[in-house]
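Q: The amino acid sequence is not available; the structure is as follows:
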(Lines give C-alpha, C1' and ligand atoms only; values in the text may rest on other atoms or scores of the structure.)
Protein backbone atom coordinates (compact mmCIF):
# COMPACT_ATOMS: atom_id res chain seq x y z
CA UNK A 1 0.00 0.00 0.00
CA UNK A 2 0.89 3.66 -0.10
CA UNK A 3 1.89 3.69 3.58
CA UNK A 4 4.70 1.21 3.00
CA UNK A 5 6.56 3.24 0.40
CA UNK A 6 8.54 1.90 -2.49
CA UNK A 7 10.18 -1.49 -2.53
CA UNK A 8 13.14 -2.54 -4.64
CA UNK A 9 13.72 -6.27 -5.08
CA UNK A 10 17.06 -7.42 -6.41
CA UNK A 11 18.60 -10.70 -7.47
CA UNK A 12 22.36 -10.32 -7.71
CA UNK A 13 24.76 -12.70 -9.43
CA UNK A 14 27.84 -13.67 -7.52
CA UNK A 15 28.78 -15.69 -4.51
CA UNK A 16 26.70 -14.89 -1.45
CA UNK A 17 29.71 -16.03 0.62
CA UNK A 18 31.31 -12.67 -0.04
CA UNK A 19 30.30 -9.03 -0.39
CA UNK A 20 27.47 -8.28 -2.82
CA UNK A 21 26.22 -4.81 -1.85
CA UNK A 22 27.64 -1.51 -0.54
CA UNK A 23 27.91 -0.92 3.22
CA UNK A 24 24.65 0.02 4.97
CA UNK A 25 22.53 -0.39 1.84
CA UNK A 26 20.18 -3.32 2.58
CA UNK A 27 17.10 -3.05 4.79
CA UNK A 28 15.97 -6.67 4.52
CA UNK A 29 17.87 -9.71 3.30
CA UNK A 30 16.19 -13.04 2.50
CA UNK A 31 17.84 -16.27 1.46
CA UNK A 32 16.21 -19.65 1.11
CA UNK A 33 17.51 -22.95 -0.15
CA UNK A 34 20.99 -21.64 -0.86
CA UNK A 35 23.07 -21.68 2.30
CA UNK A 36 23.26 -25.47 2.30
CA UNK A 37 25.58 -25.19 -0.70
CA UNK A 38 29.23 -24.86 0.24
CA UNK A 39 31.59 -22.41 -1.44
CA UNK A 40 33.96 -25.27 -2.25
CA UNK A 41 34.54 -28.93 -1.53
CA UNK A 42 35.63 -29.48 2.06
CA UNK A 43 39.39 -29.51 2.46
CA UNK A 44 40.76 -32.99 2.67
CA UNK A 45 38.10 -34.59 0.49
CA UNK A 46 40.02 -34.09 -2.73
CA UNK A 47 41.05 -37.22 -4.57
CA UNK A 48 44.27 -38.70 -3.25
CA UNK A 49 44.18 -37.05 0.19
CA UNK A 50 43.36 -40.22 2.06
CA UNK A 51 39.99 -39.01 3.41
CA UNK A 52 37.42 -41.16 1.64
CA UNK A 53 33.67 -40.69 1.38
CA UNK A 54 33.11 -44.02 -0.42
CA UNK A 55 32.24 -42.53 -3.81
CA UNK A 56 29.68 -40.04 -2.47
CA UNK A 57 29.60 -36.31 -3.09
CA UNK A 58 27.55 -35.64 0.05
CA UNK A 59 27.29 -36.91 3.61
CA UNK A 60 25.61 -40.31 3.88
CA UNK A 61 24.94 -42.79 6.66
CA UNK A 62 28.15 -44.59 5.64
CA UNK A 63 30.36 -41.47 5.76
CA UNK A 64 33.12 -41.70 8.38
CA UNK A 65 33.26 -39.11 11.21
CA UNK A 66 36.18 -37.32 9.52
CA UNK A 67 33.94 -36.54 6.53
CA UNK A 68 31.29 -35.03 8.82
CA UNK A 69 33.99 -32.90 10.42
CA UNK A 70 35.34 -31.75 7.05
CA UNK A 71 31.85 -30.65 5.96
CA UNK A 72 31.22 -28.96 9.31
CA UNK A 73 34.52 -27.07 9.14
CA UNK A 74 33.76 -25.83 5.61
CA UNK A 75 30.20 -24.82 6.58
CA UNK A 76 31.43 -22.88 9.63
CA UNK A 77 33.97 -21.02 7.50
CA UNK A 78 31.40 -20.24 4.78
CA UNK A 79 28.62 -19.24 7.16
CA UNK A 80 30.93 -16.97 9.15
CA UNK A 81 31.97 -15.23 5.92
CA UNK A 82 28.32 -14.93 4.90
CA UNK A 83 27.28 -13.37 8.22
CA UNK A 84 30.21 -10.92 8.28
CA UNK A 85 29.39 -9.81 4.73
CA UNK A 86 25.68 -9.29 5.41
CA UNK A 87 26.46 -7.46 8.69
CA UNK A 88 28.37 -4.83 6.71
CA UNK A 89 25.67 -4.54 4.06
CA UNK A 90 22.60 -4.28 6.32
CA UNK A 91 21.51 -0.89 7.61
CA UNK A 92 21.32 -0.49 11.38
CA UNK A 93 18.05 -2.13 12.45
CA UNK A 94 17.83 -4.06 9.18
CA UNK A 95 16.51 -7.61 9.12
CA UNK A 96 17.44 -10.94 7.69
CA UNK A 97 15.38 -14.09 7.13
CA UNK A 98 17.38 -17.23 6.37
CA UNK A 99 16.01 -20.65 5.59
CA UNK A 100 18.16 -23.69 5.11
CA UNK A 101 17.96 -27.31 6.08
CA UNK A 102 20.28 -29.18 8.34
CA UNK A 103 20.22 -32.46 10.17
CA UNK A 104 22.25 -34.59 12.47
CA UNK A 105 23.39 -38.02 11.28
CA UNK A 106 20.59 -39.80 13.15
CA UNK A 107 17.60 -37.73 12.02
CA UNK A 108 15.25 -38.16 9.10
CA UNK A 109 15.28 -35.70 6.22
CA UNK A 110 12.58 -33.04 6.23
CA UNK A 111 11.32 -31.38 3.06
CA UNK A 112 11.88 -27.61 2.73
CA UNK A 113 8.11 -27.08 2.73
CA UNK A 114 7.67 -29.04 5.94
CA UNK A 115 10.48 -27.08 7.61
CA UNK A 116 9.00 -23.78 6.41
CA UNK A 117 5.58 -24.81 7.76
CA UNK A 118 7.07 -25.70 11.16
CA UNK A 119 8.79 -22.32 11.37
CA UNK A 120 5.65 -20.43 10.37
CA UNK A 121 3.61 -22.33 12.96
CA UNK A 122 6.14 -21.40 15.65
CA UNK A 123 6.08 -17.75 14.59
CA UNK A 124 2.27 -17.64 14.64
CA UNK A 125 2.13 -19.26 18.07
CA UNK A 126 4.61 -16.65 19.40
CA UNK A 127 2.49 -13.78 18.08
CA UNK A 128 -0.64 -15.20 19.69
CA UNK A 129 1.03 -15.53 23.09
CA UNK A 130 1.69 -11.77 23.41
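A: Right, received. Where do you want to start? Predicted, not measured: the structure shown is a model, and the values here were computed from it.

Q: check contacts around the most centrally placed residue in the chain.
A: Centroid check for the chain by CA atoms, centre = their mean gives residue 35 as the closest residue, at 2.6 Å. Counting by CB atoms under 8 Å, 6 or more residues apart in numbering, residue 35 makes contact with 16, 79, 82, 98, 100. Placement of C-beta: from N, CA and C, glycine included.

Q: Which ones among those residues lie within helices?
A: Residues of the contacts of residue 35 located in helices (DSSP state H): 79, 82.

Q: from the contacts of residue 35, which is closest to residue 60?
A: Nearest to residue 60 out of the contacts of residue 35 is residue 100 (CB to CB; 19.2 Å).

Q: who touches stretch 12-26?
A: Counting by CB under 8 Å, 6+ apart, 31, 34-35, 39, 78, 81-82, 85-86, 88-92, 94 sit against stretch 12-26.

Q: and if you look at stretch 75-86?
A: 16, 17, 18, 19, 20, 26, 29, 35, 38, 39, 96.

Q: For it, give the mean pLDDT please.
A: The average pLDDT for stretch 75-86 rounds to 94.

Q: Check the offset of it from the chain's centre.
A: 9 Å (CA atoms, centre = their mean, to the nearest Å).
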